[in-house]
Every structure is written in C-alpha cells, then in structure tokens.
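Asker: need a structure here:
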Amino acid sequence: MSRLPTLLIVDDEKATREGLRVALENEFDVFVASNKNEATAVLQNETIEILLTDLRLGSDNGMEVLDVAMALAKPPLAVMMTAYGSVDTAVEAMRRGAWHFVTKPLNLDEVEMLLKRGLHSRVLEDENRELKQVVAEKRSLKNLLGKSDVLVKTIERIEQVAPTRATVLIEGESGTGKEVVAHTIHQLSGRPAVKFVIVHCAALSAQLLESELFGHEKGAFTGAAQRRLGRFEQADGGTIFLDEIGEIDAATQVKLLRVLSERSIERVGSNSPIKVDVRLIAATNKNLRELVDRGDFREDLYFRLNVIKIDMPPLRARGEDIILLASAFLKEFSLENKRPVKPLTDDAMELMRRYPWPGNVRELRTVIEHGVVMSNGDRIGIEHLPEFLRLSKGAEIPSHRTATNETQIALASSGELNLHVLEQRAIADALARTAGNRTLAAEMLGISRRTLQRKLKETGFDGRL
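Answerer: Numbering: from 1, shown residues only. The predicted structure follows:
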C-alpha cells in the first residue's frame, strides 16, 4: 500500500476541522490543529506536504501559521481558507508563499480536487528540480580541476562512493579542497541540492557546537528563549558536512557516535530521540588515527567516520596540475576584476612549479588574484607575484619535500644545537616564506596557529632574527 500524502488542517472551529478530516482522510494522512501553537508543533515534528489553514484562528492569525510553514527547510504546499475573502488578502497570502486561496463555505469535493492538483503540480516541480540537479551533477566534477594521477584516482573514488549512503572521512592539508570534495559527493549522491548543511566545528565552543548540531528545547540553558532545530534536523534527507572534525570535544564525540549508530538525535534539554536520515561527511587537516593513538579522539567514533576515506593530495604532489589550475584562476579573476586575460611568463610558471605551496590550492588562488590585479602589461611575470613567493627559498625546494622538512635539514646541518634558537629560526623562516601570515606559517611548521602565537608570546620573539 502506497504512503498517503500528509495534510495539516488548521481551523479554530471544531465542526469545520473534523468535517474536513473525515472528508479527506481516505486520500490524505491528516493532522489537525486549532491554533498557531498546535500547528507549529505539528509542522516542527512531522513532515507536512500540504497545509490547509483558516485565515482567522480566534486570537491567532493564519498568516502567522503560513509564515512558520514557509520558514521550514521544505515548505508544504499551502492553501488559505477564509469566510472574509478579499483581493488584498489573497495577494498578501500569495506574497507570503501560499499556493492557493479558497473561500467559505467550502465545497469538499472541490477542496479535494484542488489539493490533488496542487500535489501534482508539486511533483512536476520536483521532477524539474531533479532534472536540473542531474545537469548540475555533470558539472560538479569540473570543480576538481586537474589531470595528475593522484587527483584522477581521487575523482574515481569520489564517483564510486557518492551514490551510496556510506559515511565519508576526508583528510588532507588546509587548502586542498576538502569542502569542494564534500559538496561534489553530495551533488552526485542524488540527495536534494538544498539539503547540504555545513558546520565548521572549530569555530564554536563545546556548548554552542552541541546546540548547533542537535538543537535545543526552550529553557535548556540560559538564553534558550525558544526551541531551535539543529543542523542534523535541518539536513534531514540530505547531507551534513562537519569540517575540522578533529576539534570536537569528548562529550560531543559521544553524541555524534550515537547519531551514527542509531540514526537519531536528542535536542539539548530533551530525552526524546528524533530519527534523522542524514548522510555524514567529515573532514580534517589532522591525522585522526594519530589523534586516536594519543587518546585525543574516540576510537569507536573514528571507525564509524572512517567507513570510506578520501585523502586529498597536497598541491606540491600535483605538479602537472599547478599551471592548469593557475590558468583557470587567471580567467576567473580577470573576469571578476574586468581585466583582459593575460598569460603567465615562462619564468612565472617555473617559479610556481618549484614553490612547495604550503597553503595548497587556496594559496595558489591568492597568488593568481594578486598577479591579475598587479599586472600592468600584456603578461603576468614574476615581478607581479607576491613578494613572499618571489623571495622564498621554497621555490628551490624539490616538489617531494616540504618547506618544513628543508628548514629542519638546513638548521641541523648548521651545527647549531640550541633547541630554542633552532625553533626561533624555523619560525622566522616560515614567517618569511609566508610574508608574515601566521596561519600559513603555522601550517608549514605543522603546528596550530594558537601554538605559534603562544611560542611567540612566551619567548618575546617577534619573528625576526
């Protein structure tokens, strides 16, 4: 037996409410409410496909119910009822998102036909949206530009994994395109395009992250003035992308483990489980296995996340892709800045091939944008690139060695065995290579930006020797 479409009837008159329910319950899975609060509770806890609401609900206003419905991730098809119809009222209802407007007294046969016609129209809209999504999917892999062997293998893995429900863990250095990969997997998954929800875990405190992910009930904590749906509920039927997953605290790790094992969440301040159909993609610039070995990340959660692992290669391992990406960024930023597309000189291309790119694709984008803006000739040469790139010793490093490794080798061979001095020299070298950018310098050194700032503060060292 096929599932009946869900219908919420909102009317403060019991006779009207029950009459509609009896007339329509053979064709629809009917819910009823007599006021705004009851209607809001149903809309938040059930997936309603059609809303049939009266304009006047005693002391409430049906327009407010319509506003609540239209604010949902997937709004229902809304039809307004009133015994006091006017052109202005109908126009206002349509402006707020209503599909149709009917006046009382109701003809039940006509109402049933109207609702079925509305559902058919919605099905056609969904099919059209799915067709557009298929076209978008074909374009999505173009965001992963490159022809190097390591990237081709990564793309093949993405294409194989995307149509499944499997949880995916993406590891790779900052700037390698982990979010692009997550978005591509979602686009190829067949899940609704609008249901891709991103959470940057490192940007939130432990309490805020828990509320952000799972939502909270009114009064759950100071400042929780009303119920709030979390990102998992918002992503129901789609994909949630948890970036920097290695930064979440132990308590949130436990709750996340439950979501993956039971496919349900509990809002903060509630003990009632809520089922969610969400595909989870996580990303980190750290090695989660190493975090597990150090006791900083739960091993059982790691196994749940690591169903399918995708390693994003650093740009220095994609030598033949560097100029290909640079050319694409040249076109993008030339168009954005209303400049003619200018080619790179041979010297500029050679410099880019030899530079180790600690900031990966993100850093390359910045360099190309700088070149597009600063070039005043018919080509973009070395002189138009950022100073840190022109002066960097890293341009002379073979592609298979990182800037940090070379710094360590050079310092070790200098005969200086004072660890404090060696550390300061490594920091100074990293800051010089990144033109003082502490975030990039920290990435080159393999430490967090917070650790770098602490070392500078503790020693009183300003980064210069």
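
Asker: got a pLDDT number for residue 394?
Answerer: On the pLDDT scale, residue 394 is placed at 46.

Asker: Sorry, wrong one. I was asking about residue 424.
Answerer: Turning to residue 424, the model gives it a pLDDT of 74.

Asker: would residue 72 count as being in a strand?
Answerer: No. Counting by DSSP: H, G, I helix; E, B strand; the rest coil, residue 72 is located in no strand; its state is coil.

Asker: so what's it up against?
Answerer: Applying Cβ atoms under 8 Å, 6 or more residues apart in numbering to residue 72 gives the contacts residue 43. No exception for glycine: its C-beta is placed from N, CA and C like everyone else's.

Asker: The one 4 residues further on now?
Answerer: Taking Cβ under 8 Å, 6+ apart, we find residue 76 in contact with 8, 43, 48-51, 69.

Asker: Is it possible to get TSV of those residues that adds secondary structure and neighbour count?
Answerer: As requested, those are arranged in TSV below (DSSP: H, G, I helix; E, B strand; the rest coil; neighbours: other Cβ atoms under 10 Å):
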residue	secondary structure	neighbour count
8	strand	25
43	helix	22
48	coil	23
49	coil	20
50	strand	23
51	strand	31
69	helix	23
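
Asker: any idea which of these is closest to residue 283?
Answerer: residue 43 (32.8 Å; Cβ to Cβ).

Asker: Please pull out the lowest mean pLDDT helix or strand from the protein.
Answerer: Least confident helix or strand, the chain: helix 403-413 with a mean of 42, by mean pLDDT, DSSP states H and E.

Asker: so what does the next helix or strand after that one touch, helix or strand wise?
Answerer: Scanning forward in sequence from helix 403-413 by DSSP states H and E, the next helix or strand is helix 419-433. Applying 3 or more Cβ pairs under 8 Å, 6 or more residues apart in numbering; DSSP states H and E, one finds that helix 419-433 makes contact with helix 387-391, helix 403-413, helix 438-445, helix 449-459.

Asker: any low-confidence regions in the stretch 301-450 of the chain?
Answerer: 393-422, 435 (pLDDT under 70).

Asker: tell me which strands and helices the helix or strand that residue 364 is a member of is in contact with?
Answerer: For residue 364, the host element (DSSP H and E) is helix 360-374. In terms of contacts (3+ Cβ pairs under 8 Å, 6+ apart), helix 360-374 is packed against helix 322-336, helix 346-354.

Asker: Could I get those in a markdown table, plus columns for mean neighbour count and distance to residue 392?
Answerer: Below are the helices and strands packed on helix 360-374 laid out as a markdown table (neighbours: other Cβ atoms under 10 Å; distance: least, Cβ to Cβ, whole Å):
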| stretch | mean neighbour count | distance to residue 392 |
| --- | --- | --- |
| helix 322-336 | 16 | 15 |
| helix 346-354 | 17 | 9 |
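
Asker: Looking at these, which is nearest to residue 255?
Answerer: Residue 255 lies closest to helix 322-336 among these, at 38.7 Å (Cβ to Cβ).

Asker: Run the angle between that closest one and helix 346-354 for me.
Answerer: Here helix 322-336 runs at an angle of 120 degrees relative to helix 346-354 (axes from the mean of the first three to the mean of the last three Cα atoms, to 10 degrees).

Asker: Please list the residues outside helix 322-336 that contact it.
Answerer: Residues outside helix 322-336 that contact it (Cβ under 8 Å, 6+ apart) are 145-147, 315, 339-344, 349, 352-353, 357, 361, 364-365, 368-369, 371-373, 380.

Asker: mind redoing it with 6 Å?
Answerer: With Cβ atoms under 6 Å, 6 or more residues apart in numbering as the contact definition, helix 322-336 has outside contacts at 145, 341, 349, 352-353, 364-365, 368-369, 372.

Asker: Buried by neighbour count, from the residues you listed: which ones?
Answerer: 145, 349, 352, 364-365, 368-369, 372 (16 or more other Cβ atoms under 10 Å).

Asker: quick revisit: would you format the helices and strands packed on helix 360-374 as a markdown table with distance to residue 253 included?
Answerer: Formatted as a markdown table, those follow (distance: least, Cβ to Cβ, whole Å):
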| stretch | distance to residue 253 |
| --- | --- |
| helix 322-336 | 36 |
| helix 346-354 | 40 |
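
Asker: quick one: the closest residue to residue 192 other than its chain neighbours and residue 215, what's the gap?
Answerer: Sequence neighbours aside, residue 238 is the residue nearest to residue 192 in space, at 5.6 Å (criterion: Cβ to Cβ, 6 or more residues apart in numbering). As judged by Cβ to Cβ, to the nearest Å, residue 238 and residue 215 stand 16 Å apart.
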